[in-house]
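Chemist: compute the structure for the input listed below.
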Amino acid sequence: MMDYVWLVPFFPLCGVIINGLVGVRFPRRVIGPVACAAIGLSFLVSCGIMIQLVGLPPEQRVLEQVVFTWLESGSLKVSAGFMVDPLSAVMMLVVSGVSFLIHIYSIGYMWDNEYGTPGYRRFFVYLNLFVMFMLILVSANNFLMMFIGWEGVGLCSYLLIGFEHLRKAASDAGKKAFVVNRVGDFGFLLGMMLIFAVFGSLDFSVVLAEAPHKFAVGAAIPTAITLLLFVGATGKSAQIPLYTWLPDAMEGPTPVSALIHAATMVTAGVYMVSRASTLFLMAPVSMTVVAVIGAATAIYAASIGLVQNDIKRVLAYSTISQLGYMFLACGVGAFAVGIFHLMTHAFFKACLFLCAGSVMHATSGELDMRKMGGLREHLPVTYWTYLVSALAIAGIFPFSGFFSKDEILWESLTGPYGHVLLWVIGVTAALMTAFYMFRTVYMTFHGEERYHHHGIHLHHEIPIMNYILIILAFLATFGGLVGLPLIEGGNKIGEFLHPVVSGHGLPAVAEAEKHYPHLVEFLFMLISLAVAGVGIYTAYRMYRVEPELPERTANRFPHIYQMLFNKYKVDEAYDVLFVNSTKGLSNFFWRIFDTRLIDSLCVEGSAFMVRGFGIVLRQIQTGYVQNYALSIVVGVVLILGLYFLGR
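Modeler: Numbering: from 1, shown residues only. Down below sits the predicted model:
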């Protein structure tokens, strides 16, 4: 099955071709199943690859398959090839599996979209294309092939976020995502160019094998390469300072939000850093930068999520914060733990977003939690699946998020590059996460039924959407069992990924490893559980026991509340520093070059010249025969005169 890895991105491409070129004749009942079947086949192939890979000895779990030579110019030779190893296998399984469920959910969610059957078909074409590029990204065997997938998901995010292009907010959000990601992608490009200049190749197997022999740990070249690559990761995975596009991405349809946040685009940066783990482990400065940016983003985004009232926007800032945890894990040298949290996060975050979509469907598109309340009885499946996923992201035992988040907190303290300050920041962000997630639970599903006062009439849950929520809730509950702590051989995913992300035995990493008794780890596990419990209880007190307490708290600390509610006004600062200044510079060039130089000299100047010639030539075309006869006589005389003078 590993020899057929090329089928994993090929099947979604088939879905794009069938629905995109032939599907104009298809009814809706055919379009959706075609798109779902394409992703479902990719998932089946990914399952077969994983089963075969697990059956091999650890040292044989690598296969490269070159389909054809793509580029060959001088010393540059790049193949269209794929790599199968534990890291790519896990990513292919997560991407195709979660995407398959989201595709099925989309059949019910998008059935009555305002764009009719053409819009329905366009949506599924974009969705298939998005997953195809993500599967290329995670299965590529070289940096340039990865970059094709990297740019492809950027393009598809623009198309899907701005899917409802008749709304200005959606159109603007799509453009913002596209532009901000181009900033990060410039860093990725520079890093890739530097890799080729140094190693003469872009193949992962060549670069990662030669790096430890070419440079010492801490050398300038690996540091420069990894910092440039990380700039690209901050754009794709929405980290400080390039995170601002992700909250606005909520303007897209909810299945798009679930796909971007759970399984595809935003996980690309984490995957890329993990894929290049050998280079990062050779650059301690870069590791520190990754850990600090990850920790800062985790607590920063969590603080904003504390006071937002749009349920999808809360989940968006939650995603940014959870991605910060993943980078924190990578930055302290625990790449396998970062990928583990990526997997569990895909399960519960997809469920949370799709639950939010179910709430939106029931409330005719309403997102403001202040207009909800009491939905528990009316949306029972949505409530229970949302609650399970909220418990998972809060880190409550035995739900999946407990295992991965607790492991990140432990590694942030004891990992090769861990530090007590990173652990404190991680624990504080965990407290905030538990609070804001159960704030959404209580405001949306409990308390007074406020939607009656706002003229909202509830719709029933859709069965096909409920089935997907139940499956994702099951994964959010039990998906973390592959990473059981404190049990020898229990952490299956860590053991599986270790050969790929361990830095190939770099001595600096081995020397930095610390070992503690299980009792100490168990104590810190209890601390993280207690912190999550405090966050949940605080939300319960504020939104169930004393509903007036949030308003009193906001009035008591108005400046802090406004700062958080206004998202630290970073968007406004970016508008002043970058957007408006760029517009001003563009207007300057428009006035000077377009208006005065190009328009005046070229366009208007050429028109004036043609007009002048026309005025002169018009004097010849008078319409009087005698004038024409005189012209002929004068011409004859001139010709004869020139002839005789010439002789």
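Chemist: in the protein, which helix or strand is least confident?
Modeler: Least confident helix or strand of the chain, by mean pLDDT, DSSP states H and E, is helix 507-512 with a mean of 50.
Chemist: mean confidence score for the next helix or strand after that one?
Modeler: If you walk from helix 507-512 toward the C-terminus, the next helix or strand you reach (DSSP states H and E) is helix 518-540. Mean pLDDT, helix 518-540: 91.
Chemist: off-centre distance for helix 518-540?
Modeler: 30 Å (Cα atoms, centre = their mean, to the nearest Å).
Chemist: relative to helix 518-540, how tilted is the very next helix or strand once past it?
Modeler: Later in the chain than helix 518-540, the nearest helix or strand by DSSP H and E is helix 549-556. Put simply, helix 549-556 runs at 90 degrees to helix 518-540, going by axes from the mean of the first three to the mean of the last three Cα atoms, to 10 degrees.
Chemist: can you give me the buried ones in the helix or strand following helix 549-556?
Modeler: Where DSSP H and E defines the elements, the next helix or strand beyond helix 549-556 is helix 558-565. Residues Tyr561, Leu564 are the ones in helix 558-565 that count as buried (16 or more other Cβ atoms under 10 Å). Every residue, glycine included, has its C-beta placed from N, CA and C.
Chemist: could you point out which element follows helix 558-565?
Modeler: Counting by DSSP H and E, the next helix or strand C-terminal to helix 558-565 is helix 570-574.
Chemist: ok, then the element right after that following helix?
Modeler: Next in sequence after helix 570-574, counting helices and strands by DSSP H and E, comes helix 580-589.
Chemist: where's that next one relative to the chain centroid, distance-wise?
Modeler: Put simply, helix 580-589 sits 29 Å off its chain's centre (Cα atoms, centre = their mean).
Chemist: quickly find the element holding Gln65.
Modeler: Assigned by DSSP H and E, Gln65 falls in strand 63-73.
Chemist: so what strands line up beside that strand?
Modeler: Each strand paired with strand 63-73, and its direction, by DSSP bridges: strand 76-84 (antiparallel).
Chemist: surely Ala140 meets Gly152?
Modeler: No. Ala140 lies out of contact with Gly152 (Cβ atoms under 8 Å); the separation is 11.2 Å.
Chemist: more neighbours: which of those two?
Modeler: Ala140 (26 against 20; other Cβ atoms under 10 Å).
Chemist: the more buried one: what's it in contact with?
Modeler: Residues near Ala140 by Cβ atoms under 8 Å, 6 or more residues apart in numbering: Gly81, Phe82, Met83, Met146, Ile148, Gly149.
Chemist: identify the residue spatially nearest to the third one, adjacent ones excluded.
Modeler: Read that as Met83. Asn141 (3.9 Å; Cβ to Cβ, 6 or more residues apart in numbering).
Chemist: give me the local confidence score for the one you found.
Modeler: So Asn141 comes in at 93 (pLDDT).
Chemist: do Leu63 as well
Modeler: Reading off the model, Leu63 has pLDDT 91.
Chemist: all helices for the stretch 51-200 of the chain, in order.
Modeler: Along the stretch 51-200 of the chain, counting by DSSP state H, counting those that start in this stretch, helices occupy 86-109, 116-139, 143-161, 168-199.
Chemist: can I get these in JSON lines with distance to Thr385?
Modeler: Formatted as JSON lines, the helices of the stretch 51-200 of the chain follow (distance: least, Cβ to Cβ, whole Å):
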{"stretch": "helix 86-109", "distance to Thr385": "12"}
{"stretch": "helix 116-139", "distance to Thr385": "22"}
{"stretch": "helix 143-161", "distance to Thr385": "24"}
{"stretch": "helix 168-199", "distance to Thr385": "27"}
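Chemist: which one of these lies nearest to Leu549?
Modeler: Proximity to Leu549 (Cβ to Cβ) singles out helix 168-199 among those, at 32.6 Å.
Chemist: which strands and helices sit next to that closest one?
Modeler: Under the contact definition 3 or more Cβ pairs under 8 Å, 6 or more residues apart in numbering; DSSP states H and E, helix 168-199 sits against helix 143-161, helix 204-214, helix 220-236, helix 245-248.
Chemist: I'd like those as a markdown table, with distance to Leu642 appended.
Modeler: Below are the helices and strands packed on helix 168-199 laid out as a markdown table (distance: least, Cβ to Cβ, whole Å):
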| stretch | distance to Leu642 |
| --- | --- |
| helix 143-161 | 67 |
| helix 204-214 | 77 |
| helix 220-236 | 73 |
| helix 245-248 | 74 |
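Chemist: of all those helices, which one is nearest Trp384?
Modeler: Among the helices and strands packed on helix 168-199, the nearest to Trp384 by Cβ to Cβ is helix 245-248 (27.2 Å).
Chemist: could you check how far the most centrally placed residue in the chain is from Phe578?
Modeler: The residue lying closest to the centre of the chain (Cα atoms, centre = their mean) is Val266, at 2.4 Å. Going from Val266 to Phe578 by Cβ to Cβ, to the nearest Å gives 22 Å.
Chemist: same thing with Ala173?
Modeler: As for Ala173, its distance to Phe578 is 17 Å (criterion: Cβ to Cβ).
Chemist: comparing these two, which residue is more hemmed in?
Modeler: More neighbours surround Ala173 than the other of Ala173 and Phe578, with 24 against 13 (other Cβ under 10 Å).
Chemist: contacting residues for the more buried one?
Modeler: By Cβ under 8 Å, 6+ apart, the residues touching Ala173 are Ile161, Gly162, Trp245, Asp248, Ala249, Met250, Glu251, Gly252.
Chemist: now, which of those residues sits nearest Met272?
Modeler: When these are compared for distance to Met272 (Cβ to Cβ), Trp245 wins out at 17.6 Å.
Chemist: what is the neighbour count of that closest one?
Modeler: 22.
Chemist: what about Val84, distance to Val256?
Modeler: 29 Å.
Chemist: which regions of the stretch 451-600 of the chain sit below the pLDDT cut-off?
Modeler: Across the stretch 451-600 of the chain, the ranges flagged by pLDDT under 70 are 486-490, 503-515.
Chemist: list the buried residues in the host helix or strand of Ile49.
Modeler: Counting by DSSP H and E, the element that carries Ile49 is helix 28-54. Within helix 28-54, the residues that count as buried by 16+ other Cβ under 10 Å are 31-47, 49-50, 52-53.
Chemist: quick one on the thing from earlier: out of the contacts of Ala140, who's nearest Ile311?
Modeler: Ranked by distance to Ile311 (Cβ to Cβ), the contacts of Ala140 are led by Gly149 at 30.8 Å.
Chemist: leaving aside the residues next to it on the chain, what's closest to the closest one?
Modeler: Spatial nearest neighbour of Gly149, excluding adjacent residues (Cβ to Cβ, 6+ apart): Leu137 at 2.9 Å.
Chemist: what separation do you get for that neighbour and Ile39?
Modeler: Distance from Leu137 to Ile39, counting by Cβ to Cβ: 15 Å.
Chemist: what of Leu56?
Modeler: For Leu56, the distance to Ile39 - Cβ to Cβ - is 26 Å.
Chemist: now swap in Ile632 and tell me
Modeler: 81 Å.
Chemist: over to Leu190?
Modeler: Relative to Ile39, and taking Cβ to Cβ, Leu190 is found at 34 Å.
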